[in-house]
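Engineer: please find the sequence and the predicted model below.
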Amino acid sequence: MTIRKTPNALLHGTLDALILKTLAGGPRHGYGIARFIEDTSDDTVVVEEGSLYPALYRLERRGWVEAEWTTSELGRRAKFYRLTRRGRTQLVAETDAWRQFAAGVSRILLAQ
Amino acid sequence: MMTKKTPRSWFWKPPVEQEVDEELAFHLEMHVRDLIASGMPPAAAREKALQRLGDLYRLRRTCVSLGKKRNRMMRITQWIGDVRDDVTVAIRRLKQSPGFTLVAVLTLALGIGANSAIFALADATLLRPLPFSDPARLVMLHEASPRNPAGVIGPYEIAPWSARARQMESLAGINLNRRVLTGPDGAGELIESQRVTARFFDVFRTVPLAGRTFLPSDDRLNADPLVLGEGIWRDRFGSDPGIVGRRIKLDADWYTVIGVVPATFQVLQPSSAWTLMTTSFMQSPAAIGHYLRAVGRLAPGASLESAQAEMSAIAAQIAAERPDLNKDHGVRVQPLHDGLVNADLRLTAKLLLGVVGFVLLTCCANVANLVLARTSGRARELAVRSALGAGGRRIARLLLTESLVLSTVAAVLGAGLGAAILTTAPSLLPPGVLPVDVSLTFDARVLAFCAAAGVGLALAFGAAPAWQAVRLPPLQAIASGGRTSTGGGSKFRSLLAIAQIAAAVVMLCGAGLLSRSLVALGRVDAGFHESELLTMRLGLPFVRPDSPAGTP
């Protein structure tokens, strides 16, 4: 089953958490982040470029990720994002918030 | 996925527009490559990837705007970090030369402390408005006679003045006196009091803490009304909430308390109680002396000049009506602030301000010289920093930061010193030097003065060495090896020294003349032997012959 999500359909703040989680595994460029999220979610979550890149710039401004131009697998330089220490703290907080939220929604939707 | 890190790429920071373009182009290329790898024809793959990207123009614009915001934020963060680094370095450097730091900080602190105390005086006497409602509209009225241009007025004049003066909203006469208050415990106490006409509190728009102030109708009351000051209400009557209506005794007369006014309300002299001067008294044949001070509030639309013109006309009328009392008498209208804070005190404040300003300048020149000497001694260190890539501006900033750290510490100490002077000085001054309407307090304005003085000083004594650092070519500095200072610097330092000595000589002369006058004043022959004389003031209750003392 493939659910195509429009940018607005992703719950507010969830994309930030997904990006932070992706970067927890190591630095990636924007395309790599999108592919990782799609692959890991078996294509149930599709990240639109129109929301991915603005989100990355916002995260940079907040100091949760930092960017660096490094040579990529194509042999040319690309912008790689990396989680900062503050980003790691934020990821923990977002994960907790998600766990509570998901549990709450589940209690309602899956009630017998 | 990250493969190789080269030093060049590490430092590569493109402009935001280029950054966004390159990033999106890279994304597109990667996507197309993956689609082709999965078996799609190149043209279709490109088509699909572009479609996924959506409105490319809009995305680019959003990212560029967000990127610019990010850069601004980063610049601020970086600036704060730089300042923190500079301050840390400055503190470390100052700690390395404790002697210099101690001398510089103490010199500046003394200068700032003395200046803040005098500033408080100048602020209170020259700048701060009086603590009354709309104080700019308040005036003092003097009776000008051939003998005295700023004399007192007669009670019989208050009624015609009030009735005829259209340019005055209200006016009142004040008679300063001392009375013996018999407290609730029966003990007598000499208190300062004022006998005022009915509109007195209206002139100042005083809001009572309890009860009310005088009304024109109080003239016709049988009981003598009295308004009590907050201080005596608290000290002698234990803040009695039922004070209004209570009867108290001043000298041999009984009064009824009708209200309490705040302790901050003081006019001309400290006063604990106000009694009413009735119209019938003012019109009695007994009220022909001149002993009242008069205050008034200008009517809306009236100016000092229009009030002066009108009062002069009224004075001429009264002089014509009562040639026996007021022949050739005029009236002078003066802003109340000028009337209360006399010209001597203003001049003293200005003079003191000038003197301590000189002291501050000397302190500044002293420290500037110290800092300059120190900077010259550091030429080698600065040259090395410069050779390591620190620009002239960076080094200048480092030196200025040191100056700012020095003067900040000095400003804090100086503020403490100023506060100490202000708390002890009033008790050292003889009473009467400062008017009651002027209070010396260490408030936010004085604190702001200290802060401004600190920053100003830092710029003043930090500018010279910083400027030298910007100018100094590093090679020359290394060659000179810190053993000699540059020619320009030493010329500047001798100029500073000359200015310093000149200022010190001026101040010494002034101080010498002042103390000589003081000594001479002590030797003035009063015409009698002062050494065995005592002076005292006795308060005897004034008892009317026709009313037995102690009865209401």
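Structural biologist: Now that the structure is in, tell me what you want to look at.

Engineer: where does the residue in the stretch 201-350 of chain B that chain A sits nearest to land in three-state SS?
Structural biologist: Proximity of the stretch 201-350 of chain B to chain A (Cβ to the nearest Cβ) peaks at B:Thr264, 51.2 Å away. C-beta: built from backbone N, CA, C; applies to glycine. When classified by DSSP: H, G, I helix; E, B strand; the rest coil, B:Thr264 comes out as coil.

Engineer: run a quick neighbour tally on it.
Structural biologist: Neighbour count of B:Thr264, defined by other Cβ atoms under 10 Å in any protein chain shown: 12.

Engineer: give me the pLDDT value at it.
Structural biologist: B:Thr264 is assigned 81 on the pLDDT scale.

Engineer: which residues touch it?
Structural biologist: Contact partners of B:Thr264, counting by Cβ atoms under 8 Å, 6 or more residues apart in numbering or on different chains, are B:Pro131.

Engineer: got it, and A:Glu94?
Structural biologist: Applying Cβ under 8 Å, 6+ apart, we find A:Glu94 in contact with A:Gly13, A:Asp16, A:Ala17, A:Leu20.

Engineer: which of those residues fall in helices?
Structural biologist: A:Asp16, A:Ala17, A:Leu20 (DSSP state H).

Engineer: how about the second one, what does it touch?
Structural biologist: Under the criterion of Cβ under 8 Å, 6+ apart, the contact list for A:Ala17 reads A:Leu91, A:Glu94, A:Thr95, A:Trp98.

Engineer: buried set for the helix or strand harbouring the second one?
Structural biologist: It refers to A:Glu94. Per DSSP states H and E: A:Glu94 is located in helix A:85-109. Buried positions in helix A:85-109, judged by neighbour count with 16 or more other Cβ atoms under 10 Å in any protein chain shown: A:Gly87, A:Gln90, A:Leu91, A:Glu94, A:Trp98.

Engineer: and that helix, average pLDDT?
Structural biologist: Across helix A:85-109, pLDDT averages out at 91.

Engineer: what are the ranges of the strands in the stretch 51-200 of chain B?
Structural biologist: In the stretch 51-200 of chain B, the segments counted as strands under DSSP state E, counting those that start in this stretch are B:138-144, B:168-182, B:188-196.

Engineer: number of nearby residues for B:Tyr317?
Structural biologist: Heads up, residue B:317 is Gln, not Tyr. If you count neighbours by other Cβ under 10 Å, B:Gln317 ends up with 12.

Engineer: from B:Leu428, how far out is it?
Structural biologist: 49 Å (Cβ to Cβ, to the nearest Å).

Engineer: can you pull the contacts of the residue nearest to B:Gly54 when sequence neighbours are not counted?
Structural biologist: Closest residue in space to B:Gly54, ignoring its immediate chain neighbours: A:Gly50 at 4.8 Å, by Cβ to Cβ, 6 or more residues apart in numbering or on different chains. Contacts of A:Gly50 were listed using Cβ under 8 Å, 6+ apart, and they are A:Pro7, B:Leu53, B:Gly54, B:Asp55, B:Arg58, B:Leu59.

Engineer: tell me which residue lies nearest the centroid of chain A.
Structural biologist: What sits nearest the mean C-alpha location of chain A, by Cα atoms, centre = their mean, is A:Ile19, with 2.0 Å.

Engineer: could you do chain B as well?
Structural biologist: Central residue of chain B (Cα atoms, centre = their mean): B:Arg445, at 3.6 Å.

Engineer: ok, that residue to chain A distance?
Structural biologist: Using Cβ to the nearest Cβ, to the nearest Å, B:Arg445 is found at 39 Å from chain A.

Engineer: I'd say that residue and B:Ala122 touch.
Structural biologist: No. Using Cβ atoms under 8 Å, B:Arg445 makes no contact with B:Ala122, being 10.7 Å away.

Engineer: one step back: chain center to the helix holding A:Glu94: distance?
Structural biologist: Averaging C-alpha positions (Cα atoms, centre = their mean, to the nearest Å) puts helix A:85-109 13 Å from its chain's average.

Engineer: in JSON lines: the ones in helices among the contacts of A:Glu94, plus pLDDT.
Structural biologist: Output for the ones in helices among the contacts of A:Glu94, formatted as JSON lines (pLDDT from 0 to 100):
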{"residue": "A:Asp16", "pLDDT": "90"}
{"residue": "A:Ala17", "pLDDT": "91"}
{"residue": "A:Leu20", "pLDDT": "94"}
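
Engineer: between those, which is nearest chain B?
Structural biologist: The closest of those, once distances to chain B are taken by Cβ to the nearest Cβ, is A:Asp16, at 13.5 Å.

Engineer: contacting residues for the closest one?
Structural biologist: Taking Cβ under 8 Å, 6+ apart, we find A:Asp16 in contact with A:Ala55, A:Arg58, A:Leu59, A:Trp64, A:Glu94.

Engineer: ok, and the closest residue to B:Arg60 other than its chain neighbours, which helix or strand is that part of?
Structural biologist: Closest residue to B:Arg60 apart from its sequence neighbours, by Cβ to Cβ, 6+ apart: B:Val20 at 5.6 Å. Assessed by DSSP H and E, B:Val20 sits inside helix B:16-37.

Engineer: which neighbouring elements make contact with that helix?
Structural biologist: Helix B:16-37 is packed against strand A:28-29, helix A:30-40, helix A:49-62, strand A:77-83, helix B:42-53, helix B:56-96, with contacts defined by 3 or more Cβ pairs under 8 Å, 6 or more residues apart in numbering or on different chains; DSSP states H and E.

Engineer: quick check: mean pLDDT of the second one?
Structural biologist: Regarding helix A:30-40, the rounded mean pLDDT is 92.
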